[in-house]
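Undergrad: I would like the atomic coordinates for the input below:
(2 chains)
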Amino acid sequence: MNEVENPVQKLWQEQPVEGIKMSVDEIRRRAGRFERRIARRNRRETVACVLVSGLFVYFLIGAHDVLFRIAYGLFGAGMIWVAVQLQRKGSIRNMPLTLGASNSLQFYRTELERQRDAVRNVWPWYLAPLVPGYLVLTIAYAIAFPQPVRWIGVLAFDVFVVLLFIGIWKMNQRAARCLDRMIDELNAPE
Amino acid sequence: MAVTVSAQDELYRQAAEIYGAALERLARAYEADVDLRRDLLQEIHVALWRSFNRFDGRCSLRTWVYRVAHNIAASHVISQRRTRAQTLVGLEELENIEDAQSGPTAVDRSHALNRLLELIQRLKPLDRNVILAYLEGMDATEIGEISGLSASNVATKIHRIKHMLSRKFQQGGSES
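TA: So this is what the prediction gives:
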C-alpha cells in the first residue's frame, strides 16, 4: 500500500482509472506489430533510395557530356548517403531492453544528446553530400549553354538553393541550441 | 543476462496486476489527449514486457516498473515537443505561477484533480517524475533511484512540491 501523508496524494491515488488490462498474448502481438512497422519503414526507405539512385543512373546513362555524367553520379551517391543516414538517425526505433536499468536522468540526457547531435550535425550528413553534384551540374550547365541570358536563371536558382541550405542549417542550429539548454539544465549543480 | 520467456511473462503479469492503475495515472500525467494517452499506455506496457527480458533483480520490481514507464513517457514528451506550443517549466517556476482557478473555485474532487493534472502536465519530465513518485507515496530514496537525482536534490524538490500543493490546493479549501 502506498504511503499517504497529504490529502493531495489521496486525491491522486484514489482517482478513477479505466483499469485497462492487456494479456501477454496481446502484448506480444503489439510488440511484433511495432517491430514490423520499423521493418516496413526501413524497406520503404530502401526502395525510395533505390528508385532515386536509379533515376540518376538513368540520367547518367542518357547524358552525352562527361561533366553531366559526373554530376548525376555525384548526386546519386549523395542521395544514397543521405538516405542511409536518415535511416540510421530515424526517430522510430525500438527502445533498448535495458530501459529499466537507466534512471530517468541518464535516459533523458542520452535522448536529448542523441537528438541534439542529429540536428547539430545536419551539415555533414544532410546538406554537404548534395553540394558536389549540384556544383558540377551548375558548371556543366554553364559550359553546355554559354549564353549569359541562361546564366541569369541558373544564378537565381543557385541563390535560392544556397538560401534554402542556409535556412535549413540555421533552423537546425537553433533546435540544437534549445536542446543544449535543456541538457545544461540537467547538468546544473543541484 | 536474459531471463526465460515464462519468467518474463510472469514478471509482466505481476507488474501489470500490481502497478496497472499507477501506470494509467502516470500516462494521464504525461498526455492530456485521450487517444494519444491510450497509445502511450500501450507503449509503456509493451516496453515493460520487453524490458523484463533483462530484469536482474538488482532493484525492486516497483523501481524497475517506474523507471521503464517514466523513460518511455519522457521519450514521448520529447517527441511531442516540436508539435506542442506549451513551454514546460520546472518546479521552481511552477510554484510562482498564479493559476486562474486558485482557491475557492476548485470546489469538488474532480475539479481539483483536473487542476492537479494541469499543473503536472506543465512540468519538465524530470520534475514530473519526482512529483508523480511523491503522489504515489514513494519515499525519497526510491524517488532518487528512479529519477537519478541525489538525495539532497530529491529532498529539496519534495519540499517545494509540498509547499506548492498546500498553497494551491489547501488555502482555498478545495481539499479536506
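Undergrad: for A:Tyr108, what are its contacts?
TA: By Cβ atoms under 8 Å, 6 or more residues apart in numbering or on different chains, A:Tyr108 lies in contact with A:Leu186, B:Asn71, B:Ala74, B:Ile78, B:Pro125, B:Leu126. C-beta: built from backbone N, CA, C; applies to glycine.
Undergrad: and the residue nearest in space to the middle of chain A, what does it touch?
TA: The centroid of chain A falls nearest to A:Leu86 when counting by Cα atoms, centre = their mean (4.6 Å). Taking Cβ under 8 Å, 6+ apart, we find A:Leu86 in contact with A:Glu45.
Undergrad: what about it, which helix or strand?
TA: helix A:66-89 (DSSP states H and E).
Undergrad: send the alpha carbons of stretch B:41-57 over as PDB?
TA: What follows is stretch B:41-57, C-alpha atoms only, in PDB (Å, rounded to 0.1, in the frame of the first residue of the first chain):
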ATOM      1  CA  LEU B  41       0.000   3.400 -22.100                       C
ATOM      2  CA  GLN B  42       0.100   0.600 -24.500                       C
ATOM      3  CA  GLU B  43       3.700   1.600 -25.400                       C
ATOM      4  CA  ILE B  44       4.600   1.500 -21.800                       C
ATOM      5  CA  HIS B  45       3.100  -2.000 -21.300                       C
ATOM      6  CA  VAL B  46       5.000  -3.300 -24.400                       C
ATOM      7  CA  ALA B  47       8.200  -1.700 -23.200                       C
ATOM      8  CA  LEU B  48       7.700  -3.200 -19.800                       C
ATOM      9  CA  TRP B  49       7.200  -6.700 -21.100                       C
ATOM     10  CA  ARG B  50      10.200  -6.400 -23.300                       C
ATOM     11  CA  SER B  51      12.300  -5.000 -20.500                       C
ATOM     12  CA  PHE B  52      11.700  -8.000 -18.200                       C
ATOM     13  CA  ASN B  53      13.800 -10.000 -20.500                       C
ATOM     14  CA  ARG B  54      16.700  -8.200 -18.800                       C
ATOM     15  CA  PHE B  55      15.400  -7.800 -15.300                       C
ATOM     16  CA  ASP B  56      18.200  -8.800 -13.000                       C
ATOM     17  CA  GLY B  57      16.600  -8.100  -9.600                       C
END
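Undergrad: how about that stretch, does it get close to chain A?
TA: Yes: using Cβ under 8 Å from any Cβ of the partner chain, stretch B:41-57 reaches chain A at B:Leu41, B:Gln42, B:His45, B:Val46, B:Ala47, B:Trp49, B:Arg50, B:Ser51, B:Asn53, B:Arg54, B:Phe55, B:Asp56.
Undergrad: which regions of the chain sit below the pLDDT cut-off?
TA: You didn't pick a chain, so chain A it is. Where chain A drops to pLDDT under 70, the residues are A:1-4, A:89-95, A:97, A:188-190.
Undergrad: meant chain B, my bad for not saying
TA: B:1-3, B:82-86, B:97-107, B:170-176.
Undergrad: quick one, helices of it?
TA: Ranges of helices in chain B, per DSSP state H, are B:5-30, B:34-51, B:61-80, B:91-96, B:109-121, B:125-135, B:140-147, B:151-165.
Undergrad: Show me which residues of the helix or strand encompassing A:Leu163 are buried.
TA: Assigned by DSSP H and E, A:Leu163 belongs to helix A:148-187. Of the residues in helix A:148-187, A:Phe165, A:Asn172, A:Ala175, A:Ala176, A:Leu179, A:Met182, A:Leu186 count as buried by neighbour count, 16 or more other Cβ atoms under 10 Å in any protein chain shown.
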